[in-house]
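Student: Sequence unavailable; structure follows:
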């Protein structure tokens with residue numbers, strides 16, 4: 001048994017589950033649950049969760065990408081540029097591109113959308129009737145759309161990982 005390969009694979013998969021699981025959990029459970037709270041509580045809880053989430057997920061995502069590179073090359077079949085034209089190599093490149101894309105998407109789209117949503121002053125976020133204003137509804141819509149699109153990156157990545165397991 002190659003212990004280096006075992007450790008790299010274990011960390012790659014474990015950290016990948018943490019990254020993907022966090023995004024999936026946020027989109028399907030956490031955000032809908034927090035949305036039921038009063039706006040002030042949503043912002044307080046959401047900002048704390050977001051701050052902690054970015055602290056954890058940034059290095060985790062970077063490690064997943066780095067370990068995937070190592071797993072595919074040093075401990076995998078990608079030993080030359082010619083291998084990148086094989087079915088496995090193409091699938092590996094697609095997975096890598098979408099993993100990098102998911103990381104960039106979170107940094108450039110999800111994070112800034114959350115910041116813009118949270119920057120709306122509370123007095124401008126709710127109308128006189130206590131309902132969200134169009135500005136807040138629009139900002140929330142952008143955050144939700146970006147979160148769903150981020151899940152699309154992971155659907156492709158997950159599919160690539162399964163295909164590579166079968167040598168495709």
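Tutor: Cool, the structure landed. Small disclaimer: the values here were computed from a predicted structure and weren't measured.

Student: just how off-centre is the helix-or-strand element of the chain with minimal mean pLDDT within its chain?
Tutor: Ranked by mean pLDDT, DSSP states H and E, the weakest helix or strand in the chain is helix 122-125, scoring a mean of 86. Computed by CA atoms, centre = their mean, to the nearest Å, the chain-centroid distance of helix 122-125 equals 29 Å.

Student: Only the buried residues of stretch 74-87, if you could.
Tutor: 75-76, 78, 83 (16 or more other CB atoms under 10 Å). C-beta coordinates here come from the backbone N, C-alpha and C atoms, glycine included.

Student: no wait, stretch 132-145
Tutor: Quick answer for stretch 132-145 (16+ other CB under 10 Å): 136, 139-140, 142-143.

Student: Mind giving me the packing neighbours of the lengthiest helix in the chain?
Tutor: Once the chain is assigned using DSSP state H, the helix that runs over the most residues is helix 39-72. Judged by 3 or more CB pairs under 8 Å, 6 or more residues apart in numbering; DSSP states H and E, the packing partners of helix 39-72 are helix 3-25, helix 31-34, helix 87-105, helix 111-119, helix 122-125.

Student: right, so these: which one is the most enclosed?
Tutor: helix 87-105 (a mean of 18; mean count of other CB atoms under 10 Å).

Student: Going by contacts, tell me the helices and strands next to that one.
Tutor: helix 39-72, helix 134-165.

Student: Could you check the angle that helix makes with helix 3-25?
Tutor: Interaxial angle, helix 87-105 versus helix 3-25 (axes from the mean of the first three to the mean of the last three CA atoms, to 10 degrees): 50 degrees.

Student: Number of residues surrounding the nearest residue to residue 94 once chain neighbours are set aside?
Tutor: Ranked by CB to CB, 6 or more residues apart in numbering and with sequence neighbours excluded, the top spatial neighbour of residue 94 is residue 160, at 5.4 Å. Residue 160: 22 surrounding residues under other CB atoms under 10 Å.

Student: returning to that earlier point: to residue 118, which of the helices and strands packed on helix 87-105 lies closest?
Tutor: For residue 118, the closest of the helices and strands packed on helix 87-105 is helix 39-72, at 6.0 Å, according to CB to CB.

Student: how much space between the residue of the chain most remote from its centre and residue 64?
Tutor: Distance from the centre of the chain peaks at residue 128, with 36.2 Å (CA atoms, centre = their mean). Distance check for residue 128 against residue 64: by CB to CB, to the nearest Å, it reads 47 Å.
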